[in-house]
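Enquirer: return atomic coordinates for the entry below.
(one chain, ligands or ions: 2)
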Amino acid sequence: MIDLDAALAIIAGVARPLGSETVALQAAGGRILSAPVVAGLAAPRQDVSAMDGYAVREQELQAGGALKVVGASYPGRAFAGALPAGGCVRIFTGAPVPAGADRVVVQEIVASDGSGIRLLANPSKARHIRAQGSDFRSGAALLPAGRALGFREMVVTAAADVAMVEVWRRPRVSIVTTGDELAEPGAAAKTPTLVPDSLLYGIAAFVAEWGGVVSGAVRCPDDLEKLSAAAFSAAAEADLVVIAGGASVGERDFSRTAFARTGMELLFEKVAIKPGKPVWFGKAGHGLVLGLPGNPTSALVTARLFLAPLLAGLAGLDPAAAVAWDSAPLGQELPACAERETFVRGRRVDGQVWPVMNQDSGAQLALAETDVLIRRPRRAPAINRGGMAPVLCFQSVLQRS
Ligand SMILES: Nc1nc2c(c(=O)[nH]1)N[C@H]1C(S)=C(S)[C@@H](COP(=O)(O)OP(=O)(O)OC[C@H]3O[C@@H](n4cnc5c(N)ncnc54)[C@H](O)[C@@H]3O)O[C@H]1N2
Ligand code: MOO
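Expert: Ligands and ions are numbered 1, 2, ... in the order given. Down below sits the predicted model:
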């Protein structure tokens with residue numbers, strides 16, 4: 001058995017980006033940059049007004065006389081020519097400031113008779129001009145490689161006048177579930193021996209939330225021949241295969257054996273954690289294989305601990321950032337931890353973390369109540385109510401950087 005940190009180090013060592021591709025801006029949302037976004041132009045492109053009003057010369061304003069309105073400047077339709085002496089230009093927010101003007105006065109403090117203007121009050125200190133390049137300069141690197149394109153980054157990329165972006169290829173993930181008892185959800189109720197296959201759907205959603213693409217999903221009986229065939233075809237087409245169930249020592253637990261037949265190199269098996277001890281990981285063909293235990297809570301806790309950093313690394317992110325521990329006060333005391341490092345399923349309530357009621361590794365409903373994993377290191381002493389404990393956000397943190 002190895003411990004969690006050693007297993008995570010093995011994951012980080014092999015979870016490398018898969019290569020980059022160029023995609024249109026329309027399809028780039030949620031992707032991870034493989035090259036910086038470089039500004040194709042400056043923003044603003046020239047000096048523009050920050051308010052609706054009149055572009056004037058500061059000096060002439062101080063003289064106090066009336067100024068003649070010589071034209072107008074709109075966004076996309078600038079005033080042609082320079083500001084003449086004694087003149088002003090009607091101007092709107094975002095419109096280019098004519099040469100010669102050095103401030104804008106807002107229309108609220110101006111009396112206009114149609115051809116000329118006069119000030120009604122002292123103008124503010126602000127000149128109401130956004131200088132050319134004051135947001136960013138042409139040629140500047142605006143976003144680094146490795147950044148996820150969330151809504152904020154999409155604004156910056158589009159503003160940079162970029163139509164095509166270089167992003168890391170998304171990992172293609174093939175999912176296999178195994179169990180004679182498993183049935184398609186909706187088809188189980190009439191047959192007493194059947195159990196709905198909840199993990200196929202849970203793992204598929206997990207993969208999508210962590211930036212992967214589900215390229216295949218198959219449910220297999222506990223039959224070594226059928227499982228081996230599924231292992232060969234999944235390993236041939238995917239960057240990563242995730243197989244849930246059949247990980248333990250039961251007579252019909254065939255998952256590892258099926259992948260061994262594909263020539264898999266086992267990188268680790270059995271991690272000293274609870275739940276999730278039977279988790280295993282290997283290299284098969286050109287891709288990787290992660291074996292999750294079949295108990296649903298064990299499967300999704302191990303998905304959060306191992307599949308998340310794996311997907312993050314394959315997608316071009318830092319695998320360690322996917323498993324970043326925070327610290328939170330406990331709402332109730334926790335007993336000392338025994339020999340196996342334990343991950344208590346917890347819920348945040350009013351700034352404190354409480355263990356969820358059902359801590360069975362076969363639980364499914366409790367997963368919907370879980371929003372943190374509370375880390376209890378091996379032989380950790382009891383923690384009192386209000387004491388601090390390391391916690392990991394259970395949901396995806398992909399877009400939160
Ligand atoms: N003698 C021992 N028995 C067990 C050990 C052990 O060390 N010695 N380990 C236990 C631990 S820890 C776990 S976790 C489980 C893991 O077992 P498997 O990975 O072999 O899982 P299965 O036997 O296939 O299934 C366990 C349980 O989960 C349900 N399941 C499985 N797949 C799905 C699915 N896709 N959707 C919904 N539910 C699923 C399955 O019906 C079983 O109830 O082994 C312990 N045993
Ligand atoms: O992974 Mo098992 O859940 O430790 O019971």
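Enquirer: who's in contact with the closest residue to V37 other than its chain neighbours?
Expert: Closest residue to V37 apart from its sequence neighbours, by CB to CB, 6 or more residues apart in numbering: L143 at 4.2 Å. C-betas here are computed from N, CA, C, even on glycine. Under the criterion of CB atoms under 8 Å, 6 or more residues apart in numbering, the neighbours of L143 are 33, 36-37, 153, 156-157.
Enquirer: ok, and the most crowded of those residues?
Expert: Among these, the one with the most neighbours (other CB atoms under 10 Å) is V37, at 24 neighbours.
Enquirer: report the buried residues of stretch 298-318.
Expert: 298-317 (16 or more other CB atoms under 10 Å).
Enquirer: er, stretch 375-386 actually
Expert: Applying 16+ other CB under 10 Å to stretch 375-386 flags 375-376, 380, 383 as buried.
Enquirer: closest one of those residues to ligand 1?
Expert: R376 (16.3 Å; CB to the nearest ligand atom).
Enquirer: the spatially closest residue to N122 that is not a sequence neighbour - how many residues pack around it?
Expert: Closest residue in space to N122, ignoring its immediate chain neighbours: I109 at 8.0 Å, by CB to CB, 6+ apart. Close neighbours of I109, defined as other CB under 10 Å, add up to 15.
Enquirer: and for L194?
Expert: The burial count for L194: 16, using other CB under 10 Å.
Enquirer: so who does it touch?
Expert: Taking CB under 8 Å, 6+ apart, one finds 181-183, 187-188 in contact with L194.
Enquirer: now do 6 Å
Expert: 183, 188 (CB atoms under 6 Å, 6 or more residues apart in numbering).
Enquirer: state the next helix or strand along the chain beyond the helix or strand bottoming out on mean pLDDT in the chain.
Expert: In the chain, no helix or strand scores lower on mean pLDDT, DSSP states H and E than helix 58-63, which sits at a mean of 87. Using DSSP states H and E, the helix or strand that follows helix 58-63 in sequence is strand 67-73.
Enquirer: helices and strands around the following helix or strand past that following strand, which ones?
Expert: With elements assigned by DSSP H and E, the helix or strand that comes after strand 67-73 is strand 87-91. Secondary-structure packing of strand 87-91 (3 or more CB pairs under 6 Å, 6 or more residues apart in numbering; DSSP states H and E): strand 53-56, strand 67-73.
Enquirer: dump the buried residues of stretch 375-386 into JSON lines; add secondary structure, pLDDT and distance to ligand 2 as well.
Expert: Converted to JSON lines, the buried residues of stretch 375-386 look like this (DSSP: H, G, I helix; E, B strand; the rest coil; pLDDT from 0 to 100; distance: CB to the nearest ligand atom, whole Å):
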{"residue": "R375", "secondary structure": "strand", "pLDDT": "98", "distance to ligand 2": "15"}
{"residue": "R376", "secondary structure": "strand", "pLDDT": "98", "distance to ligand 2": "14"}
{"residue": "A380", "secondary structure": "coil", "pLDDT": "97", "distance to ligand 2": "18"}
{"residue": "I383", "secondary structure": "strand", "pLDDT": "97", "distance to ligand 2": "21"}
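Enquirer: which pair of those residues spans the longest distance?
Expert: Using CB to CB, the two most remote members of the buried residues of stretch 375-386 are R375 and I383, lying 11.1 Å apart.
Enquirer: and the protein, what are its domains?
Expert: If you go by automatic domain parsing, the domain ranges for the chain are 4-19+170-322, 27-41+141-168, 48-130, 324-393.
Enquirer: so how far is ligand 1 from M164?
Expert: 40 Å (CB to the nearest ligand atom, to the nearest Å).
Enquirer: start and end of stretch 134-146, how far apart?
Expert: Stretch 134-146 has an end-to-end distance of 25 Å (CA to CA, to the nearest Å).
Enquirer: which of the residues in that stretch are buried?
Expert: Applying a neighbour-count criterion of 16+ other CB under 10 Å, the buried positions in stretch 134-146 are 136, 142-143, 145-146.
Enquirer: adding pLDDT, write the residues you listed out as JSON lines.
Expert: Below are the buried residues of stretch 134-146 laid out as JSON lines (pLDDT from 0 to 100):
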{"residue": "F136", "pLDDT": "98"}
{"residue": "L142", "pLDDT": "98"}
{"residue": "L143", "pLDDT": "98"}
{"residue": "A145", "pLDDT": "96"}
{"residue": "G146", "pLDDT": "94"}
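Enquirer: good, we can wrap up now.
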